[in-house]
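**Student:** pasting the sequence and the predicted model now:
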Amino acid sequence: MNTEVNFAGIKMKNPVTVASGTFGYGREYSNFFDLGKLGAVITKGTSLKPKSGNKPPRVYETASGMLNSIGLQNPGVEFFANNDLPFLRQFDTKIIVNACGSSIEEYVELCKILNSLDIDGVELNLSCPNVKEGCMAFGNTYEGVKKVTSEVRKVLDKPLIVKLTPNVTDIASIAKGVEDGGADAVSLINTLLAMKIDINTRKPVLANNTGGLSGPAIKPVAVRMVYQVSKAVNIPIMGLGGIMSGDDAIEFMLAGATAVSIGAGNFADPYTSIKTIEGIENYMRKYNIENVTDIVGKVEMN
Amino acid sequence: MPEQILAELVNKEKIIEGVYKFAVKADSIVKSARPGNFIEIRVTDQTEPFLRRPISIHNLDKENGILEFIFQIKGKGTEILSRKQVGDKIDIIGPLGYGTFKLENYKKIAIIGGGIGIFPLYELLKQAKGSNAETGVYLSFRNKDLVMLEDKFGKLTNNLNISTDDGSYKNRGFAIDFLKQDMEKEKYECIYACGPTPMLRAVKNYAVENNINCQVSLEEKMACGLGVCLGCAVKKAESSKEVPEYFHVCKAGPVFNAKDVEF
């Protein structure tokens, strides 16, 4: 049985990664299991300069999911390079840095630095719904996505993945912008822009009023989008959105994802990613699948 | 270091309507936990409710490896938890929080709590007694139906002041007012507080104005409890309003030096 995947040039021992913002830089979860068991670790969204994030409350539980509006709080790329990267490098896993910026210049500047670091790939965050500038502002048109991607491509030799927002009318056309911009892969979906109101105070529960919805509640939306994107582009897809188990991961792979990420599921159970790897192996045994890549895109439409 | 365990529920007790005390077998957590630490409980292995519930540690029975926590039914998570039976296994991560109550070498301390905020103060009081610190304990509740654990706290201190907001039981008024009255003669070296935010603000303001050491246990909505999601932000007092900086309750807290945080 072979669980290895070559995702956009990143050779992963299995297709399971952890989604940015749900795993920090790995330290906390390394108390629970060997990070070397993961196909890759995708870091917390990291920017050129440190960001302190949004006012609290920043998170709130909703039906089979949660809202967050963290606001990309992170220590900045320099701190990451000096402190978190050496820590992560101790583990036999791939390191993908989620990169965010508020202008094209900032993305380019950041990716120049990332290109010089001992990392395995970059995931361009064009999809955070919780910051005023950048991110999603670039991520919701074909032209915007293509422009940022191609500018970053010029300075980045490492595998380039672009993470998309689902808060668009036509996800397939946006993904095409990623491919045309020269990226190696696309990942989707980031959180769905959402809101919850406290009926007693009549105020939104998040200080930022709106936030991103994640967790099992969004999984069917994510699976649909992964399927649509897989039909539109020829670059590999990282699928995510509400994965809690191997069965969930298989669903994404059948829809067309070569790799998957565990996001909010890490919060409910620190071992969700490990259980997902085991679940994929169980499925492979059950259906006598030799290579995990054999199931990618093998959904049989009605 | 926090760990995840399946802890057996060994005793379950109703404290007042809607409030339960659970005792679970949790040797390893009990061993490393300190007063002020909390745990995160997953009440179901289904996806609803989705997140763990952060609950403070009430009592650590080091000898028997028993951890006690008390919780009020507030929503569906705590409601499901309340239906667990003795013998059931409960999915717990703990101990959580690196900011815990520090007794230092204070000889005389005040402990002040309000409502369900009094629960984590019990282990603190126990350890204060163990280190022979003199204590004054000020607990307030909304009304007499909500008064809890009077006897338990009373056994560990010579100065227990119980008050209710409406005067329906014992003293009428807020705990902070009785603490202030006593301060003249008692000269507490440190105030430890846990309770509703308005109470904590009043305690903090009083302590800061009078230059008294003060440790407050804070609460904020959180997802992971481990310092990963960065949800449970609380503003650093030293940072500006324009460029605020934050601690996280689950990691730097839940107990902070009152002067370090703005809430």
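**Tutor:** In hand now; what should we look at?

**Student:** so what's residue B:213 up against?
**Tutor:** B:106, B:189, B:190, B:191, B:207, B:257 (Cβ atoms under 8 Å, 6 or more residues apart in numbering or on different chains). All C-beta atoms are positioned from the backbone trio N, CA, C, and that covers glycine.

**Student:** ok, the residue lying closest to the fifth one once chain neighbours are set aside to chain A distance?
**Tutor:** Nearest non-adjacent residue to residue B:207, counting by Cβ to Cβ, 6 or more residues apart in numbering or on different chains: residue B:214, 3.4 Å away. Distance check for residue B:214 against chain A: by Cβ to the nearest Cβ, to the nearest Å, it reads 21 Å.

**Student:** surely residue B:214 touches residue B:204?
**Tutor:** Yes. Counting by Cβ atoms under 8 Å, residue B:204 is a contact partner of residue B:214 at 6.2 Å.

**Student:** who touches both of those two?
**Tutor:** Shared contacts of residue B:214 and residue B:204 (Cβ under 8 Å, 6+ apart): B:193, B:258, B:259.

**Student:** okay, and residue 102 sits in which element?
**Tutor:** I went with chain A, as the question did not name one. Residue A:102 is part of no helix or strand when elements are defined by DSSP states H and E.

**Student:** actually, chain B is the one I wanted.
**Tutor:** Residue-wise, residue B:102 maps onto no helix or strand under DSSP H and E.

**Student:** ok, it to chain A distance?
**Tutor:** 23 Å.

**Student:** how many neighbours does that residue have?
**Tutor:** For residue B:102, the count of nearby residues is 16 (other Cβ atoms under 10 Å in any protein chain shown).

**Student:** one more: the one 3 residues further on?
**Tutor:** Neighbour count for residue B:105, taken as other Cβ under 10 Å: 7.

**Student:** re earlier: and the contacts of residue B:213, which is closest to residue B:239?
**Tutor:** residue B:257 (15.1 Å; Cβ to Cβ).

**Student:** quick one, what contacts the closest one?
**Tutor:** B:213, B:214, B:215.

**Student:** how does it look with 10 Å?
**Tutor:** Listed by Cβ atoms under 10 Å, 6 or more residues apart in numbering or on different chains, the contact partners of residue B:257 are B:99, B:102, B:190, B:204, B:207, B:213, B:214, B:215, B:216, B:237.

**Student:** now residue A:184
**Tutor:** Per Cβ under 10 Å, 6+ apart, neighbours of residue A:184: A:7-10, A:121-122, A:153, A:156, A:158-162, A:178, A:235-236.

**Student:** partner residues bridging the closest residue to chain B within chain A?
**Tutor:** As assessed by Cβ to the nearest Cβ, chain B sits closest to residue A:59 within chain A, at 3.4 Å. Judged by DSSP bridges, the bridge partners of residue A:59 are residue A:68.

**Student:** which SS class is residue A:123?
**Tutor:** Three-state assignment for residue A:123 (DSSP: H, G, I helix; E, B strand; the rest coil): strand.

**Student:** lowest-pLDDT helix or strand in chain B?
**Tutor:** One helix or strand of chain B scores below all others by mean pLDDT, DSSP states H and E: helix B:175-186, with a mean of 93.

**Student:** neighbours around the residue lying closest to residue B:227 once chain neighbours are set aside, how many?
**Tutor:** Among residues not flanking residue B:227 along the chain, residue B:251 sits closest, at 3.6 Å (Cβ to Cβ, 6+ apart). Number of residues near residue B:251 (other Cβ under 10 Å) recorded here: 20.

**Student:** need phi/psi at residue B:251.
**Tutor:** Dihedral pair for residue B:251: phi -110, psi -60, per degrees, to the nearest 10.

**Student:** then residue B:112?
**Tutor:** Torsion angles, degrees, to the nearest 10, at residue B:112: phi -130, psi 130.

**Student:** which residues does it form beta bridges with?
**Tutor:** residue B:138, residue B:193.

**Student:** tell me where chain B has helices.
**Tutor:** Using DSSP state H, the helices found in chain B span residues B:27-32, B:76-82, B:121-130, B:150-154, B:175-186, B:197-209.

**Student:** which one of those is the most hemmed in?
**Tutor:** For the helices of chain B, the largest average neighbour count (mean count of other Cβ atoms under 10 Å in any protein chain shown) is found in helix B:121-130, namely a mean of 21.

**Student:** put the alpha carbons of it into CSV.
**Tutor:** Taking C-alpha atoms only, helix B:121-130 is exported to CSV below (Å, rounded to 0.1, in the frame of the first residue of the first chain):
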residue,chain,number,x,y,z
LEU,B,121,-10.5,29.6,43.8
TYR,B,122,-11.0,26.5,45.9
GLU,B,123,-7.8,24.8,44.9
LEU,B,124,-5.9,28.1,45.4
LEU,B,125,-7.4,28.5,48.9
LYS,B,126,-6.4,24.9,49.7
GLN,B,127,-2.8,25.5,48.7
ALA,B,128,-2.7,28.8,50.5
LYS,B,129,-3.8,27.1,53.6
GLY,B,130,-1.2,24.4,53.0
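
**Student:** which neighbouring elements make contact with it?
**Tutor:** The contact analysis (3 or more Cβ pairs under 10 Å, 6 or more residues apart in numbering or on different chains; DSSP states H and E) places helix B:121-130 against strand B:53-56, strand B:59-61, strand B:66-72, strand B:108-114, strand B:134-141, helix B:150-154, strand B:190-194, strand B:213-217.

**Student:** distance between the second one and the chain's centre?
**Tutor:** Relative to the chain's own centre, strand B:59-61 is displaced by 13 Å; criterion: Cα atoms, centre = their mean, to the nearest Å.

**Student:** same deal with stretch A:80-95?
**Tutor:** 18 Å.

**Student:** may I have it exported as PDB, CA atoms only?
**Tutor:** The C-alpha atoms that make up stretch A:80-95 are tabulated as PDB, following Å, rounded to 0.1, in the frame of the first residue of the first chain:
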ATOM      1  CA  PHE A  80       9.300  32.500  11.800                       C
ATOM      2  CA  ALA A  81      12.600  32.000  10.100                       C
ATOM      3  CA  ASN A  82      14.600  32.300  13.300                       C
ATOM      4  CA  ASN A  83      12.400  30.500  15.700                       C
ATOM      5  CA  ASP A  84       9.700  28.300  14.200                       C
ATOM      6  CA  LEU A  85      11.400  27.100  11.100                       C
ATOM      7  CA  PRO A  86      14.300  25.400  13.000                       C
ATOM      8  CA  PHE A  87      11.800  23.800  15.300                       C
ATOM      9  CA  LEU A  88       9.700  22.400  12.400                       C
ATOM     10  CA  ARG A  89      12.800  21.200  10.600                       C
ATOM     11  CA  GLN A  90      13.400  18.700  13.400                       C
ATOM     12  CA  PHE A  91      10.500  16.600  12.100                       C
ATOM     13  CA  ASP A  92      10.400  14.400   9.000                       C
ATOM     14  CA  THR A  93       7.600  16.400   7.300                       C
ATOM     15  CA  LYS A  94       7.300  19.000   4.600                       C
ATOM     16  CA  ILE A  95       6.900  22.600   5.500                       C
END
